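Student: 3D, please:
(2 chains)
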Amino acid sequence: MADCKRRAFVKGAGAALGVTAAVGGGFALYGMKRAWDPLPSVVAAGVTEVETSSMDQGDVGQVEYRGKPVVILKKTDEMPANEERDVVINGERFTVNILICTHLGCIPAWTGEMFKCACHGGEFDSSGVNTFGPPPTPMVVPPFMIEGTKIVLGKEGPEYAKIKAAKA
Amino acid sequence: MAKFEKANSIGEWLDQRLNTKELMRVGVLEYWIPKNINFLWSFGIILATLFGILVVSGIFLLMYYKPDTDLAFYSVNYTIMQEVAYGWVFRNMHAVAASVVFLAIYIHMFTGIYYGSYKSGREMIWLTGTILLIAFSAEGFSGYMLPWGQMSYWAAQVITNLFGAIPVIGPDLVIWIRGNYVVEDATLTRFFALHVLVIPLIIMGVLGAHMYALRIPHVNNQDGEDIDYEAEARKFKSGDKRNSKVMPFWPTFVAEDVFVLGAFLTFFFYLTFFHFGFAMDPINFIPADSMKTPPHIYPEWYFLWSYEVLRGFFFSSDMGLIAFGIANHIFLVFPWLDRDPAIKPMHKRPLMKWWFWSFLLIMIALTVWGKLPPTGINAYIGFVLSVAWLSWVLILLPLLSSIERKS
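Tutor: Next up, the predicted model:
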C-alpha cells in the first residue's frame, strides 16, 4: 500500500516536472523566436511618407521604402488610366510601384513614357504593367494608405486593399 | 576508490586513471577496416582534415573580422587581406577549403552510391552524412555573407527570399529570418552567430554520430563482400596478417590515408597559393549596395546543380521551388529509393551501372548550365536536365533497382 502511494507520488512529481519543463521550454522557444523579430526601430523606419501636393503631371519621384526603391509618377492625361493599379488622390492618378524588375530584380529606369530595364530589356508601361521582354508580372504596388495628399508607404489603407483584391 | 599502484611511466599513470590502453584498443588499434578498398576510402580523412583547416583558419579570421554592415567589408578586404601578417593566407585557405570541401563531399557521396554503401544496415551512416551535406551548405551560405560584398548581399537577398514561397507564412518568415524588411545589419550579425558557433557545433555533433554509425555495420569494401569481422580479426591478431581480409585503423589504414591526403593537400595548397581566384568572385570585392543589383547573380559552383533545377522550370517559379526543395532533400531517402537490398558495386549491377554514370553526367551538366545565362536555348536545355534529374531519382532509381532485385 505504501509502495502504491510512493509510486503515485513519483508519477505525479514526474508529470509536474514534465509539464513545468514543457511550459518553460515553450517560453524559451517563444523568447528565441521574438529575439529574431525586427527591432522596434526597424519597424518604425519601415514607414515612408510621400507628400504629393507639389507634384505636377508627368513628375517622377523616387523614395526608399524598406530598403527598396519606390517610384511615384503623377500621370498625365495622355497616359492611359489603370483602374486596378492607379492610386487616385483627389482625382489625380499616380503610379506607385516598387521599382524592381520582376524578372531578376534589377532597377528599371523611367524613359518618359515607360520603365525600361537595362539588364535584359524588359519594359513596363506607365502603370507598371509588363509589356515586353522577360518580366513575368507587373511591378509590385507596395502597401500604402492615403492621408490627405500624403501617400504613407508601409500602412495598409482601403485603397490598397482594393488593388490587392483586384490582383488576386 | 580503486587501489592505485605506483606507475612506472606517464603512459601507465594515464592508463590507471583514464583507461587509455583500452581506449586505444577499441578506438583505433582493433578498429578493423577491410583491405579490399581503394583511394576513394580516404575521403573521410580528407574531409576531417579540411574541416580542421576551416576551423583553425576561421578562428584566425574571427580575431579581426567585424560583424557590422559598416565595418565588415573593410575588416576583410583591408585589415585581414593587407594589414594582418599572413591574414591573406588564412583567408585564401578558408575560402578555398570551403569550396574544395564540397568537391570532397560529392566524391565521398558518389563513392557511397557507387559501392552501395548506404543500405542494408548502413542507412544511418548515409543519413548522418546527408545531414552533414545540408549543414555544410548552410555553413557555406552563411559564411559567404560575411565579407558583405555585392555577391554576399545579393545571394543573401535571393536565398532568404526563397522562403517567401512557403504558403501562408512565407512573407512573414522572410522578414523574421532577416530581422528586417531587407537584408541588413541584423541579418549579418545573426548569420555570423550561426556561422561561427551554431552550425559548427551541429557539424561536430553530427560528425561524431557519422563516425559512430560506421562502427556498427563496419566499412564497406570494393565488392560489397560480407566479411566475418570477428574471424578475420582473430586471423590478423594470431599473426596471419597476410591472409586476413582486414587491417587495423591504426597504423595501417591511416598510413594509406596519409598518402592520399598528401596528394590531396598538394592540390589544395596549389589552389590556395596559385589559383585562389575561383573561390573569390570579383564582384564580391565591391561593397554591398542594396540599390544596385549585379547583372548576373549565380551561386558558388557547388550549389549550381540545385540552382539549375530551380531555374529549369523557367515558366513557373512554384514548380521550380518544389523541384528545388526535392533536390535539396531527396538524398536523405536514397537508401529507400534503391529497392535492391544487395550490396554490390555499380559495375556488378547491369541496369544500375547505366543509371549511375548517366546520373553523374546529369549532375555535371546541371552544374555547367547553372552557370550559363538562362536565355534562349539554355532555358530549354535547363528544363530538360531538371526533368531528367527528377525522373532519374524519383522514377528510374526505384524502378531499375526493383527490376534488378527480381532478376
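Student: now do stretch A:18-27, average pLDDT.
Tutor: Across stretch A:18-27, the average pLDDT comes to 95.
Student: buried sites along stretch B:362-371?
Tutor: B:Ile362, B:Met363, B:Ala365, B:Leu366, B:Thr367, B:Trp369, B:Gly370 (16 or more other Cβ atoms under 10 Å in any protein chain shown). Every residue, glycine included, has its C-beta placed from N, CA and C.
Student: hang on, the second one is in a helix, isn't it?
Tutor: Yes. Secondary structure assignment (DSSP: H, G, I helix; E, B strand; the rest coil) places B:Met363 inside a helix.
Student: gap between it and chain A?
Tutor: 25 Å (Cβ to the nearest Cβ, to the nearest Å).
Student: now swap in the fourth one and tell me
Tutor: Computed with Cβ to the nearest Cβ, the distance linking B:Leu366 and chain A is 19 Å.
Student: just say helix, strand or coil for that residue.
Tutor: Three-state assignment for B:Leu366 (three-state DSSP): helix.
Student: go ahead and confirm it touches B:Val384.
Tutor: No. In this structure B:Leu366 lies outside contact range of B:Val384 using Cβ atoms under 8 Å: 10.5 Å.
Student: next, count neighbours for the closest residue to B:Ala48 other than its chain neighbours.
Tutor: Nearest residue to B:Ala48, sequence neighbours excluded (Cβ to Cβ, 6 or more residues apart in numbering or on different chains): B:Leu207, at 7.7 Å. Using other Cβ atoms under 10 Å in any protein chain shown, B:Leu207 has 18 other residues around it.
Student: burial measure for B:Phe313, as a count.
Tutor: 21.
Student: typo on my end, B:Leu188
Tutor: Around B:Leu188 there are 23 residues (other Cβ under 10 Å).
Student: ok, now how distant is it from B:Thr69?
Tutor: With distances taken as Cβ to Cβ, to the nearest Å, B:Leu188 is found 6 Å from B:Thr69.
Student: quick check: neighbours shared by those two?
Tutor: Taking Cβ atoms under 8 Å, 6 or more residues apart in numbering or on different chains as the contact definition, B:Leu188 and B:Thr69 share the neighbouring residues B:Trp148.
Student: in the stretch 201-350 of chain B, which spans are helices?
Tutor: B:229-237, B:254-274, B:304-312, B:317-329, B:334-337 (DSSP state H, counting those that start in this stretch).
Student: quick one: these as JSON lines, columns for distance to B:Asn92 too.
Tutor: JSON lines is the format used below for those (distance: least, Cβ to Cβ, whole Å):
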{"stretch": "helix B:229-237", "distance to B:Asn92": "43"}
{"stretch": "helix B:254-274", "distance to B:Asn92": "5"}
{"stretch": "helix B:304-312", "distance to B:Asn92": "22"}
{"stretch": "helix B:317-329", "distance to B:Asn92": "29"}
{"stretch": "helix B:334-337", "distance to B:Asn92": "34"}
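Student: which one of those lies nearest to chain A?
Tutor: Chain A lies closest to helix B:317-329 among these, at 7.9 Å (Cβ to the nearest Cβ).
Student: which outside residues touch the closest one?
Tutor: Against helix B:317-329 from outside (Cβ under 8 Å, 6+ apart): A:136, B:134, B:137, B:162, B:165, B:305-307, B:309-314, B:386, B:389-390, B:394.
Student: filter those residues down to the buried ones, ChimeraX style.
Tutor: Those of those that count as buried under 16+ other Cβ under 10 Å are selected in ChimeraX with:
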select /B:137,165,305,306,307,309,310,311,312,313,314,386,389,390
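Student: what does the stretch 101-250 of chain B have sitting close to chain A?
Tutor: Within the stretch 101-250 of chain B, the positions near chain A by Cβ under 8 Å from any Cβ of the partner chain are B:154, B:157-158, B:175-184, B:186, B:190.
Student: take the residues you listed and keep only those in helices.
Tutor: Among these, the members falling in helices (DSSP state H) are B:Trp154, B:Gln157, B:Val158, B:Ile175, B:Trp176, B:Ile177, B:Arg178, B:Ala186, B:Arg190.
Student: of those, the lowest pLDDT goes to which?
Tutor: When these are compared by pLDDT, B:Val158 scores lowest at 85.
Student: the nearest residue to it once chain neighbours are set aside and B:Ser152: what is the separation?
Tutor: Closest residue to B:Val158 apart from its sequence neighbours, by Cβ to Cβ, 6+ apart: B:Ile297 at 6.1 Å. Using Cβ to Cβ, B:Ile297 is found at 11 Å from B:Ser152.
Student: the more surrounded of those two?
Tutor: B:Ser152 (25 against 16).
Student: can you tell me how far the closest residue to that one other than its chain neighbours sits from B:Thr272?
Tutor: Once flanking residues are discounted, B:Ser152 sits nearest to B:Met145: 4.8 Å by Cβ to Cβ, 6+ apart. As judged by Cβ to Cβ, B:Met145 and B:Thr272 stand 22 Å apart.
Student: quick one: buried residues of the lowest-mean-pLDDT helix or strand in chain A?
Tutor: Least confident element among the helices and strands of chain A, by mean pLDDT, DSSP states H and E: helix A:158-167 (a mean of 84). The neighbour-count check on helix A:158-167 (16+ other Cβ under 10 Å) flags A:Glu159, A:Tyr160, A:Ile163 as buried.
Student: give me the below-cutoff pLDDT ranges for chain B.
Tutor: B:1 (pLDDT under 70).
Student: break it into its domains for me.
Tutor: Here the domain parsing of chain B from automatic domain parsing is B:21-291, B:298-407.
Student: what residues does chain A have near chain B?
Tutor: Proximity of chain A to chain B, by Cβ under 8 Å from any Cβ, involves residues A:33, A:36-39, A:42, A:46, A:64, A:66-69, A:104-107, A:119-120, A:136.
Student: before we move on, back to that, so who does the residue nearest to B:Ala48 touch?
Tutor: B:Ala48, B:Phe51, B:Leu132.
Student: a strand runs through the first one, doesn't it?
Tutor: No. Going by three-state DSSP, the assignment for B:Ala48 is helix, not a strand.
Student: what about it, neighbour count?
Tutor: Neighbours of B:Ala48 using other Cβ under 10 Å come to 14.
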